[in-house]
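Asks: pasting a predicted model and its sequence here:
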Amino acid sequence: MSETTAETPPQSTAPMTHREILEVMAGLLAALFTALLSTTVVSTALPKIIADLGASTTAFSWVITTALLANAASTPIWGKLADLFNKKVLVQAAIIIFVIGSVLAGATPNVEVLLVARVIQGIGMGGLTALVVAIIGSIVPPRERGRYSGYMGAVMGVSMAGGPILGGVITDHIGWRWCFYVSVPLAVGALILIQRTLHLSSTRKDEVSIDWLGATLLTAGVSVLLIWVSFAGKNYGWVSTSSAVYLASGIVLLVATVLVELRAKDPIIPLKIIAERTTGLAIIASIAVGVGMFGAMSFLGLYFQNSRGYSPTMAGVLTIPMVVGMLLSSVVSGQLITRTGNWKRFVVGGAIVLVVGFALLSTIDHLTPIWQVQLYIAVMGLGVGALMQNLVLAVQNTVSVQNIGAASSSVAFFRTFGGAIGVSALGAVLTARVTDLVKQGVVANGVRDPHSPLIREITNAAFGDATGRIFLVSTACAIVTLIAVAFLPNKPLRTTIDMAPEATTGASDQAAGQTAEPATVGSPTSAQTEDRAPMAAAKHN
């Protein structure tokens, strides 16, 4: 393959100013906000959606899981494309795909069409997840990226805080279908902003090769494992022939993926990069974060509504402390990382706080005071905010700008994959636990009439008591995260966008650390000057 990069910065001696970077980020973060909102705005409406469409509790998990699965499976493909083609065109394509999925979801006549629409939405979300981070990584050096990750944290915070509340208001007063339609004007607005503010010149690579076989095998393997964890314990036992077949099939497909990736000219998941110590440990940590965060957060709305009797709107309001914690730790850690250049203490500290938060939440039941639940979820939010973007930052610091798309999307892929597995697995844990508690309650109270009002009380109490089991599993996942981040090499953040010329793509973390520390902030090297040339010079594109 030709050595020319997919995107060549405009030739100029002036670095991008803070204002120019903010102008670019405005459109990017608007697009990211749209994707994040599409998940959170639906979360509080899901009980109503499932009831109206006449679906089962399993469908509840799959409405979330299908979007996460499509997001996870498509993220590495988008990331690889970002290293080969113009990122602006790709991010606009992702927005259009997302809009199509949103319109279809809003018009769905049944849960089957809704699941298809969620897959389409997930593909668009995968593009936005991969491309926004890759573009920011291409225009801002790691040492300065912390101050901008705070803005990403703010977008995440607003979408996660406002989404459930907006979803609740829409569901209560307009109708749940508008939870999907509301994303359309926001996405169109983001598309216009990106067209006006993001200007990248590009040079098409010669002999471009996309590893479609690897992508297909990866998607198939992930899908099979998700199907297994979704139905195990309900349609068949965890220890059964069916479970063995699903598990073996998934493992075989993933092993085949690895073998194909080892021989592929341009692998979807660059094994040489993810095998490096920093990236590998960050991926392990991200999987555990995904399992705990996506899985646990997806069922908080269910806890507040089904167990505590709150409306969808109030269920959204009650999650605000978690989002405030995420926003606070994300912004503060980002600013301090930029100021000090030390990132590891914040990542390890975030993992410790996450363990504590999940452990506290594992003690809740249907009688726990609401203020206490809110305090616990705020602690969890503090841990998540200090972890998510800073893990990506640690990985981006060890790769060249030509591979930043693939590296960033790999971490995002495994985090989302962990989230998809988490939602399905924890959904199965919740369902099994609720079933057991309801049976115990019926026997203990001597209920014989299945239509007795007492049945509803027993069921609501069971949902509340079973929720603690979900967070107990999440605590174990958070401990894995803590162990992984504790062993991350504490490499100083480089002050240039790209690595020094002698640092190669496949170099080890040690080599990368020895060669990626030129200059200081405020005194850009020639490489930094070229890579940070103002977008204004390319506005004719």
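Replies: Sure thing, it's come through.
Asks: ok, the residue nearest to the spatial centre of the chain - contacts?
Replies: Nearest residue to the geometric centre of the chain (C-alpha atoms, centre = their mean): residue 416, 4.9 Å. Residue 416 makes contact with 68, 71, 72, 75, 126, 129, 290, 294, according to C-beta atoms under 8 Å, 6 or more residues apart in numbering. Glycine gets a C-beta too; all of them are placed from N, C-alpha and C.
Asks: you'd agree the first one is up against residue 423?
Replies: Yes - look at residue 68 against residue 423 with C-beta atoms under 8 Å: they come within range, at 6.4 Å.
Asks: what sits in contact with each of these two?
Replies: residue 294.
Asks: report how many residues lie close to residue 261.
Replies: Neighbourhood size, residue 261 [other C-beta atoms under 10 Å]: 22.
Asks: now it. Nearest residue, chain neighbours left out?
Replies: For residue 261, ignoring the flanking residues on the chain, the nearest one in space by C-beta to C-beta, 6 or more residues apart in numbering is residue 267 at 4.1 Å.
Asks: before we move on, which element is that neighbour in?
Replies: Using DSSP states H and E, residue 267 sits in no helix or strand.
Asks: what's near enough to touch it?
Replies: 80, 211, 214, 260, 261.
Asks: and for residue 386?
Replies: Residue 386 neighbours (C-beta under 8 Å, 6+ apart): 329, 330, 333, 346, 347, 349, 350, 353.
Asks: if we go to 6 Å?
Replies: Applying C-beta atoms under 6 Å, 6 or more residues apart in numbering to residue 386 gives the contacts 329, 333, 346, 350.
Asks: any idea whether the residue lying closest to it once chain neighbours are set aside is helix, strand or coil?
Replies: Distances taken as C-beta to C-beta, 6+ apart place residue 350 nearest to residue 386, at 2.7 Å, with adjacent residues excluded. Here residue 350 is helix, with the state taken from DSSP: H, G, I helix; E, B strand; the rest coil.
Asks: most widely separated two among the contacts of residue 267?
Replies: Pairwise distances across the contacts of residue 267 peak at 13.8 Å for 80 and 260 (criterion: C-beta to C-beta).
Asks: more neighbours: those two, which one.
Replies: Comparing residue 80 with residue 260 by other C-beta under 10 Å, the one with more neighbours is residue 80, at 25 against 18.
Asks: the more buried one contacts residue 407, correct?
Replies: No - look at residue 80 against residue 407 with C-beta atoms under 6 Å: they stay out of range, at 10.6 Å.
Asks: that's a strand at residue 269, yeah?
Replies: No - if the criterion is three-state DSSP, then residue 269 is coil and not within a strand.
Asks: tally of neighbours for it?
Replies: So residue 269, with other C-beta under 10 Å, has 24 neighbours.
Asks: hang on, the earlier thing: which of the contacts of residue 267 fall within helices?
Replies: Residues of those located in helices (DSSP state H): 80, 214, 260, 261.
Asks: list the contacts for the residue nearest to residue 386?
Replies: If you count contacts by C-beta under 6 Å, 6+ apart, then residue 350 has 383, 386, 387 around it.
Asks: one more: residue 271?
Replies: Counting by C-beta under 6 Å, 6+ apart, residue 271 touches residue 261.
Asks: hmm, back to that, go through the contacts of residue 386 and flag which are in helices.
Replies: Short answer: the contacts of residue 386 in helices (DSSP H) are 329, 333, 346, 350.
Asks: between all of these, which two are separated the most?
Replies: Top of the distance list for the ones in helices among the contacts of residue 386 (C-beta to C-beta): 329 and 346, 8.2 Å.
Asks: show me the shaky parts of the stretch 101-250 of the chain.
Replies: Scanning the stretch 101-250 of the chain for pLDDT under 70 picks out 146, 150, 153, 157, 160-161, 200-209, 230, 233-234.
Asks: what about 90?
Replies: Low-confidence segments of the stretch 101-250 of the chain (pLDDT under 90): 105-112, 114-115, 122, 125-243, 247.
Asks: tell me where it has helices.
Replies: Remark: helices assigned in the stretch 101-250 of the chain by DSSP state H, counting those that start in this stretch are 111-139, 142-173, 178-181, 183-197, 212-231, 241-263.
Asks: the helix or strand hosting the residue nearest to the centre of the chain vs helix 111-139, what angle?
Replies: Assessed by DSSP H and E, residue 416 sits inside helix 404-445. Helix 404-445 and helix 111-139 are oriented at 140 degrees to each other (axes from the mean of the first three to the mean of the last three C-alpha atoms, to 10 degrees).
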